[in-house]
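A structural model of the following input is requested.
(one chain, ligands or ions: 1)
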Amino acid sequence: MKYDFDQVIDRTDTHSVKWDKNLLEEFFGTSDALPLWVADMDFLCPQPVVEAVTRKATEGIYGYSWHKTPEYFDAIIRWMSRRHGWNIDKESIVFSPGIVPAIDIMIRTFSNIGEKVIIQSPVYYPFFSAVQNNGRQLLTNQLKYENKRYTIDFEDFEEKAKDPLTKIFILCSPHNPVGRVWSEDELKKMGDICLENDVLVISDEIWHDLILTGNKHIIFSNISEEFADKSITCTAPSKTFNMAGLQTSNIIISNEKTREEFNFDISRRNNLGIPNAFGIVALMAAYNEGEEWLSQVLEYIEGNFGFLQNFLEDKLPDVDMVGPEGTYLAWLDFSFLGMNDEDRKEFLLKKAKVALDSGGIFGPGGEGFERINVACPKTILEECMNWIYNAIKEEKK
Ligand SMILES: Cc1ncc(COP(=O)(O)O)c(C=O)c1O
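Numbers count the residues shown, from 1 in each chain. Reported below is the predicted structural model:
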């Protein structure tokens, strides 16, 4: 089946976080802005997912649901093997309604108050709150930015890992917002440093299926048994198939003791072990029958990145786009405007009428940048960029 990603679907009154007028008002102080901020897609889900959820809806009973069937586990196991060459067994899979709540819990399970957690900024902002709101200390291993590309400051990483109070490293792979798909060499170096210093790696791989042509995602814990033993892999069909609202994720932990500790905390202490009825059927349909949709959506997203690149070269050559390798998030350097993040946010909202994620919220190194979600019909991206262009032209007059 050929999917039509050009179709513009009105999401304004659908309780969408990205599009809801009240929420835009609350977050941005205006509802009159084109939203390309929250990381979900403005595309219909794969048809098999829509059908599975519709079938479920017509059952008419939405009671407590149970996912631990052979079919549920098989769908995940086969996907990981087929797409990632990663062989996992069903015992290693722990359900979580989301990766963010899972990471919060892991911080509490695997470190004590006052201990330290490494993150690599600029990075997905809930990592900061997961550490700080749980009373742990944040260690920021800021990424290095050179020639429109981000790399890791290994010297600083090692120094931070060596701190006896450091217990956890949260790896974002692929990386939101800078779009890096880490190489095997980079992953090995980070992993070796963590092993040497007894630091647990929480590898958030929620973006692992959204990889652009020419790049290869490597599952951190698939690199070696030692890495698998000292890491936790966070996976979900939510970004891949645009079903984040169904709150269905899977945390893969091969080390039995680590798994039991996490399992106890997530399902007993936090009571988050019972899944969403729709999420179970959607996951199976997505992993079993969603591959064709995924390949078409990736092609479309690459087209949008290509459009953006050309647009910038033609009309806004002072705005640098960081070469995207994965995700559907463009990371653009607007520092030539000479505005601080707050002023630029206001300018983009009031003058360009676009709502984006302003770089500073991703922590040190994010200042001057804007994150734009390109998983939308091309006409919306074009509109957004034309409005930004016109506002800048006006400003520079
Ligand atoms: C790196 C990363 N982790 C986790 C999430 C969200 O996870 P969940 O919705 O499963 O809590 C996102 C969403 O943008 C993300 O970018």
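
what's the end-to-end length of stretch 366-374?
Taking C-alpha to C-alpha, to the nearest Å, stretch 366-374 runs 19 Å from one end to the other.

and the ligand, is that stretch touching that?
No: counting by C-beta under 6 Å from any ligand atom, the ligand has no neighbours in stretch 366-374; the shortest distance is 9.6 Å. For the C-beta atoms, the positions are set from N, CA and C on the backbone; glycine is no exception.

just use 49 as the starting number from now, easier for me
I'll keep to 49 as the first residue from here, and by that count the last item is stretch 414-422.

just how off-centre is that stretch within its chain?
For stretch 414-422, the distance from its own C-alpha centre to the chain's C-alpha centre is 14 Å (C-alpha atoms, centre = their mean, to the nearest Å).

now swap in stretch 128-144 and tell me
Distance, centroid of stretch 128-144 to centroid of chain: 19 Å (C-alpha atoms, centre = their mean).

show the pLDDT at the closest residue to residue 277 other than its chain neighbours.
Leaving aside its sequence neighbours, residue 277 sits nearest to residue 303 (C-beta to C-beta, 6 or more residues apart in numbering; 5.0 Å). pLDDT, residue 303: 98.

spit out the contact partners of residue 303.
Residues counted as contacts of residue 303 (C-beta atoms under 8 Å, 6 or more residues apart in numbering) are 276-278.

list of residues touching stretch 159-172?
155, 175-176, 179, 182-191, 200, 205, 208-209, 211, 213-220, 223-226, 247, 252, 407, 410-414, 417.

just to revisit the earlier point, which of the contacts of residue 303 fall within helices?
276-277 (DSSP state H).

ok so, going back, which of the contacts of stretch 159-172 count as buried?
Those of those that meet the buried threshold are 155, 175-176, 179, 182, 184, 186-191, 200, 205, 208-209, 214-220, 223-226, 247, 252, 407, 410-411, 413-414, 417, by 16 or more other C-beta atoms under 10 Å.

next secondary structure after the longest helix anywhere in the chain?
Looking across the chain with DSSP H, the single longest helix is helix 339-363. Scanning forward in sequence from helix 339-363 by DSSP states H and E, the next helix or strand is strand 368-369.

if I look at the residue nearest to residue 277, how far off is residue 121?
19 Å (C-beta to C-beta, to the nearest Å).

got it, and residue 170?
Applying C-beta to C-beta to residue 170 and residue 121 gives a distance of 36 Å.

between those two, who's got more neighbours?
residue 170 (27 against 19; other C-beta atoms under 10 Å).

what's the separation between the more buried one and the ligand?
Going from residue 170 to the ligand by C-beta to the nearest ligand atom, to the nearest Å gives 12 Å.

confirm that that residue sits in a helix.
No: assessed with DSSP: H, G, I helix; E, B strand; the rest coil, residue 170 is coil; it does not lie in a helix.

what's residue 369 in contact with, if anything?
Residue 369 neighbours (C-beta under 8 Å, 6+ apart): 196, 356-357, 360, 378-381.

TSV for those residues, including pLDDT and neighbour count?
Shown next, in TSV, are the contacts of residue 369 (pLDDT from 0 to 100; neighbours: other C-beta atoms under 10 Å):
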residue	pLDDT	neighbour count
196	92	11
356	98	22
357	97	14
360	98	18
378	98	24
379	98	28
380	98	22
381	97	17
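
about what we covered before: buried subset of the contacts of residue 303 as a ChimeraX selection?
Typed into ChimeraX, the line below selects the buried ones among the contacts of residue 303, using 16+ other C-beta under 10 Å:
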select :276,278
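
which one of the contacts of residue 303 is nearest residue 239?
Of all those, residue 239 sits closest to residue 278, with 8.1 Å by C-beta to C-beta.

isn't that closest one up against residue 243?
Yes: using C-beta atoms under 8 Å, residue 278 makes contact with residue 243 at a distance of 5.9 Å.

how about the residues of the stretch 99-248 of the chain by the ligand?
146-148, 172, 220, 224.

what about those, which are in helices?
Judged by DSSP H, the subset of these located in helices is 147-148.

show me what residue of the stretch 49-198 of the chain gets nearest to the ligand.
residue 146 (2.9 Å; C-beta to the nearest ligand atom).

check contacts around that residue.
284, 286, 295, 297 are the contacts of residue 146 under C-beta under 8 Å, 6+ apart.

out of those, which are close to the ligand?
When the contacts of residue 146 are checked against the ligand using C-beta under 6 Å from any ligand atom, the ones in range are 284, 286, 297.

was I right about the first one contacting residue 295?
This points to residue 284. No: here residue 284 lies out of contact with residue 295, judged by C-beta under 8 Å, at a distance of 9.2 Å.

can you give me the strands for the stretch 199-348 of the chain?
214-220, 248-252, 279-283, 297-300 (DSSP state E, counting those that start in this stretch).
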